[in-house]
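> Any chance you can model this:
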Amino acid sequence: MLIIGMVLITITLIPAIAAFFLFPYPPTQPPKANDAGSTPEGVREIVWANNQFAFKLYSELVKTETGNVFFSPYSIFSALAMTYEGARGLTADEMKAFFNFLESNVLRPNFAAVYNRINEVSQNYELRTGNALWVQKDYPFLEDYLKTVEEYYGGKAAVLDFINKAEESRQTINTFIEEQTNHKIKDLITPGVLNELTRLVLTNAIYFKGDWKMAFNESLTMGEDFWVASDRSIKVQMMHMKPNETIRFNYADTGDVQIIELPYKGEKISMLIILPKNLEILESSLTLEKLNEYRARMREEKLDEICLPKFELETKYFMQETLSALGMPTAFSGAADFSGMTGRRDLFISEVIHQAYIKVDEKGTEAAAATAVIMELTAVPETKVFRADHPFIFIIQEKETGIILFMGRVVNPTE
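The predicted structure follows:
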């Protein structure tokens, strides 16, 4: 029985071990990038470009998505920055304008600095990101392209055989992504997407897990109304926090919008929650500049209560049409020029897939991706309450730079 058991264990482990040796690096240990030559101003420009893209993509997604939205602008930005390195001509011009990419000598070290900052080890939370290239064996990619992506993006290359083993290659990439994201992003690439014509797959994964600096009291969580529309509510598990007299939160109330910042332990990462009286009106004018206006109005204030629904979201987007419509159609067409990868105009982008996951509860947040106040005259003391009992937008950011790592909206916390 012992021998049979050992044989069965060995048979079970063989596929996992085989896949591991095909990985470009250990999934949870992304390599460091070369950020020599980066500057504070250059980092600010990368952050600005990433955040502009975040709002551009959000505005496009909510045109067709009627429910919850969640994505990582950083993940998509990263994967397409690596792709941009191989673009030339009109393809490069469109991608540069769309993403506000900088000149290569500025883009590379400053992107590397942001990447390295995200991957700094912390005792207070888990946050990491990793890039990879998956190339067809014996296909002649330019050594200069591969070196550039590895040096400045940490994107090491692994060799697969898409021509003869497309399904096995898909499983290898998906397993790597799953390991990178603590098993939160599964089956990123769906069956049939890879085939004998595939020559290159570029991937980015980002994972975050952090506890609130001040946790919600689990004993106060209860079923309450969440107003999905002005005349319709659903029951959700609403969390409650009643801070003591010494606790202050960054907060602002413009009359039409409440915005609060909830820090995670370590205070390097935080969640911004933007709670409008009317989500549709806010979204019609929501830009990075508007967010910065809100940020500028925020002050440390004592709040009597904070109410936030527990929620767990999973999303998946096939983004070819979205990115084409936003301003980079050539990359997805036969006119694409990625000769910086191979020396020939023989490649185009057939699809961009983005999958994301987030869970928010009393303790904190786990997130991963692979790419209201009425004023009345009264005799009772005034209280300040932040009560997210209707649709809201949220952002997870690295506080010092302000780079947006994740962004979304909650229309129905139960879906």
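> quick one: the helices in the stretch 201-350 of the chain?
279-283, 288-297, 320-326, 339-342 (DSSP state H, counting those that start in this stretch).
> next one: the stretch 51-200 of the chain
73-84, 89-99, 104-118, 143-153, 166-180.
> just checking, which of those helices sits deepest inside the structure?
Highest mean neighbour count among those (mean count of other CB atoms under 10 Å): helix 73-84, with a mean of 25. Any C-beta I mention is one placed from the backbone N, CA and C, and that applies to glycine too.
> wait, residue 301 sits on residue 258?
No: Residue 301 lies out of contact with residue 258 (CB atoms under 8 Å); the separation is 11.0 Å.
> Tell me which residues are up against stretch 229-236.
Stretch 229-236 has contacts (CB atoms under 8 Å, 6 or more residues apart in numbering) with 223, 224, 225, 226, 227, 228, 309, 310, 311, 412, 413, 414.
> if you set the cut-off to 7 Å instead, what comes out?
223, 224, 225, 226, 227, 228, 309, 412, 413, 414 (CB atoms under 7 Å, 6 or more residues apart in numbering).
> Just the buried ones from those residues, in ChimeraX syntax?
Here is the ChimeraX selection string for the buried members of the contacts of stretch 229-236, based on 16 or more other CB atoms under 10 Å:
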select :224,226,228,309,412,413
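> Same list, the contacts of stretch 229-236, but as a markdown table with distance to residue 357 please.
Output for these, formatted as a markdown table (distance: CB to CB, whole Å):
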| residue | distance to residue 357 |
| --- | --- |
| 223 | 24 |
| 224 | 25 |
| 225 | 26 |
| 226 | 21 |
| 227 | 25 |
| 228 | 22 |
| 309 | 17 |
| 412 | 17 |
| 413 | 15 |
| 414 | 16 |
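> Can you flag which of the contacts of stretch 229-236 belong to strands?
223, 224, 225, 226, 227, 228, 309 (DSSP state E).
> Now for the nearest residue to the second one once chain neighbours are set aside, how many residues are close by?
Right, the one you point to is residue 224. Nearest residue to residue 224 in three dimensions, chain neighbours excluded: residue 238, at 4.0 Å (CB to CB, 6 or more residues apart in numbering). Neighbours of residue 238 under the rule other CB atoms under 10 Å: 21.
> What pLDDT is listed against the residue lying closest to residue 163 once chain neighbours are set aside?
Spatial nearest neighbour of residue 163, excluding adjacent residues (CB to CB, 6+ apart): residue 196 at 4.8 Å. The per-residue pLDDT reported for residue 196 equals 88.
> got a list of what residue 196 touches?
Residues near residue 196 by CB under 7 Å, 6+ apart: 162, 163, 166.
> In TSV: the contacts of stretch 229-236, plus pLDDT and distance to residue 286.
What follows is the contacts of stretch 229-236, written out as TSV (pLDDT from 0 to 100; distance: CB to CB, whole Å):
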residue	pLDDT	distance to residue 286
223	94	31
224	92	27
225	91	25
226	92	21
227	88	20
228	87	19
309	93	21
412	86	20
413	84	20
414	79	24
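> Closest one to residue 361 out of the contacts of stretch 229-236, please.
residue 309 (10.1 Å; CB to CB).
> residue ranges with poor pLDDT in the stretch 301-415 of the chain?
372-385 (pLDDT under 70).
> and the spatially most central residue of the chain, what is it in contact with?
Closest to where the C-alpha atoms of the chain average out (CA atoms, centre = their mean) is residue 72, at 1.8 Å. Neighbouring residues of residue 72 by CB under 7 Å, 6+ apart: 206, 356, 369, 405, 406.
> and the last one, how many neighbours?
Other residues near residue 406 number 25, with proximity taken as other CB under 10 Å.
> same deal with the fourth one?
Using other CB under 10 Å, residue 405 is surrounded by 22 other residues.
> Next: the second one.
Burial of residue 356, expressed as a neighbour count using other CB under 10 Å, amounts to 27.
> For it, name its beta-bridge partners.
residue 315, residue 369 (DSSP bridges).
> ok, now the first one?
For residue 206, the beta-bridge partners under DSSP bridges are residue 129, residue 369.
> Surely it is in contact with residue 367?
No: if you go by CB atoms under 7 Å, residue 206 and residue 367 don't touch, sitting 8.1 Å apart.
> just to revisit the earlier point, now for the residue nearest to residue 224: which residues touch it?
Applying CB under 7 Å, 6+ apart, the residues near residue 238 are 221, 222, 224, 307, 309.
> Could you verify my assumption that the last one touches residue 413?
Yes: taking CB under 7 Å as the contact criterion, residue 309 and residue 413 are neighbours in contact, 4.1 Å apart.
> Residues that sit against both of these two, list them.
Common neighbours of residue 309 and residue 413 (CB under 7 Å, 6+ apart) are 226, 236.
> tell me, how many neighbours does residue 351 end up with?
12.
> Disregarding flanking residues, what is the spatial nearest neighbour of it?
Leaving out its chain neighbours, residue 351 is closest to residue 320 (CB to CB, 6+ apart), at 5.3 Å.
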